[in-house]
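Undergrad: Need a 3D model of the following:
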Amino acid sequence: MRKIILAVLGLLFIFGAIALGNYFIEKNQKPKPKFRKKVNTVFVQNVQNSSVPIVLSANGNLVAKNKIDIFSEVQGVLKVSKKEFKPGVYYDKGETLLSVNSDEFKASLQSQKSNLFNLITSILPDIRLDYPTEFQKWEHFLKGFDIAKKVPELPAFASNKEKYFISGRGILTSYYNVKNLEVRGSKFEIKAPFTGVLTETLVTSGSLVRAGQRLGEFIDTGAYELQVSINSEFADLLMVGNSVTLTSLNKSKRYVGKVVRINGKIDQVSQTITAFIEVRHPDLKEGMFLEAQLVAKSEDNAFEISRKLLVDNNAVYTIKNDSVLTLQKIIPVYFGAENMVIKGLQDNDKILSQTLPGAFDGMIVKINK
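TA: Residues are numbered from 1 along each chain as shown. Okay, here's the model as predicted:
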């Protein structure tokens, strides 16, 4: 009987251990994870090939198109004029910028004119006797001779004999000395060659100026030029007459200019070519820093995208069947600072308009509509 009881207890203990083990096993068993397939939503744009302008960026400082350095060709004391000879003073074309005291020079010129008059007067009796047919023209010359005015032209010589006679009396030498002084006398007054403003002055009224001395700088405020350097690989794209959009440093103002000249030589050090852009606007000042957007040429059957969308420098992601990302080869035409111009896509192809992290060829996506 005792053996039977022990046997029953042993069986109960075994079954209890099995039941307890199964309980703990079921309690610790985790449910199988359920994976849900994630589909990324993407933004797309439809390709519409067209004629895309190639825009080159460059910058530089404005320089007045018309600018002169003012030099004195004569010596004397600078005279006071109607306007002050100081930076910022505007002058109209033909208006006197400055004048130099020429009293001593004028006295010398009058002396030379008087000497010429006396020489011609002294030979009139000889002309009446030796060249009676030419007397009247020389007499008429003297009657029109006014020391206060410019010397009139000498009468034309009727023969070499007359020419040698006049020259032998020193009249030609005296005449051309007077004409030379008259030309020099015009340099005592400097007039504005165009309407503009003084930007620099180195003398003041009453200063003694010497021949060859630099007196200041005068510029035309109506037109300016911007010199920009463009990479030589785009030299074939630049054309005279192309329109240019110019912006200020803070992008607050925009101006329109055009390419007026292109240097025919490439800089050997920087491998750039220089283009000159003319621009006109009342707000512009010399030395102003501007950024230029040059429309070099237009590329037909092309499309413009962000440079961020480019993959491996020669492909972009397109969406096939509205759900599958496909890596498609393209032909890069021009790389700008932010955008680029490409070829190789068909009209109405759908491409990503924003980058997709982790994108790969064949990835399933959903188009955001």
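Undergrad: Going by C-alpha atoms from here, please, whenever you check contacts or count neighbours.
TA: OK.
Undergrad: mind listing what I147 touches?
TA: Residues in contact with I147 (C-alpha atoms under 8 Å, 6 or more residues apart in numbering) are Q110, K113, S114.
Undergrad: could you pull out the helices for the stretch 51-200 of the chain?
TA: Secondary structure of the stretch 51-200 of the chain by DSSP state H, counting those that start in this stretch: the helices cover 103-130, 135-143, 160-168, 171-185.
Undergrad: will you turn those helices into TSV that also has distance to I305 and mean neighbour count?
TA: What follows is those, written out as TSV (distance: least, C-alpha to C-alpha, whole Å; neighbours: other C-alpha atoms under 10 Å):
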stretch	distance to I305	mean neighbour count
helix 103-130	73	16
helix 135-143	82	14
helix 160-168	83	13
helix 171-185	66	16
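Undergrad: re the thing from before, I'd like to know which of the contacts of I147 is nearest to K253.
TA: Nearest to K253 among the contacts of I147 is Q110, at 58.8 Å by C-alpha to C-alpha.
Undergrad: That closest one and A148, how far apart?
TA: Look at Q110 and A148: by C-alpha to C-alpha, to the nearest Å, they are 8 Å apart.
Undergrad: any shared contact partners between the two?
TA: By C-alpha under 8 Å, 6+ apart, Q110 and A148 have no common neighbours.
Undergrad: most centrally placed residue in this structure?
TA: Nearest to the mean C-alpha position of the chain, by C-alpha atoms, centre = their mean, lies L226 at 2.1 Å.
Undergrad: State whether that residue is indeed within a strand.
TA: Yes. The assignment for L226 is a strand, going by DSSP: H, G, I helix; E, B strand; the rest coil.
Undergrad: N101 contacts A107, correct?
TA: No. N101 is not in contact with A107 according to C-alpha atoms under 8 Å; the separation is 12.0 Å.
Undergrad: how about the helices of the stretch 201-350 of the chain, start to end?
TA: Going by DSSP H, counting those that start in this stretch, the stretch 201-350 of the chain shows no helices.
Undergrad: ok so, going back, return the residues in contact with the residue nearest to the centre of the chain.
TA: G60, N61, L62, V63, F276, I277, E278, V279.
Undergrad: Go through the residues you listed and say which is closest to N180.
TA: Closest approach to N180 among the contacts of L226 (C-alpha to C-alpha): V63, at 36.5 Å.
Undergrad: Please name the bridge partners of that closest one.
TA: E225 (DSSP bridges).
Undergrad: Which residues are in contact with it?
TA: Y224, E225, L226, E286, G287.
Undergrad: hmm, 6 Å instead?
TA: For V63, the contact set (C-alpha atoms under 6 Å, 6 or more residues apart in numbering) comprises Y224, E225, E286.
Undergrad: before we move on, what about N301?
TA: N301 makes contacts with N49, S50, S51, as judged by C-alpha under 6 Å, 6+ apart.
Undergrad: again, only using 10 Å
TA: Contacts for N301 (C-alpha atoms under 10 Å, 6 or more residues apart in numbering) come out as Q48, N49, S50, S51, V52, I342, K343, G344, L345, Q346, D347.
Undergrad: Just the buried ones from those residues?
TA: Neighbour counting with 16 or more other C-alpha atoms under 10 Å marks N49, V52, I342, K343, L345 as buried within the contacts of N301.
Undergrad: quick one: least confident of those residues?
TA: Between the buried ones among the contacts of N301, the one the model trusts least by pLDDT is V52, at 86.
Undergrad: Just confirm that residue contacts V341, I think it does.
TA: Yes. Between V52 and V341 a contact is recorded at 7.5 Å, counting by C-alpha atoms under 10 Å.
Undergrad: Overlap of the contact sets of the two?
TA: Joint contacts of V52 and V341 (C-alpha under 10 Å, 6+ apart) are E299, A302, F303, E304.
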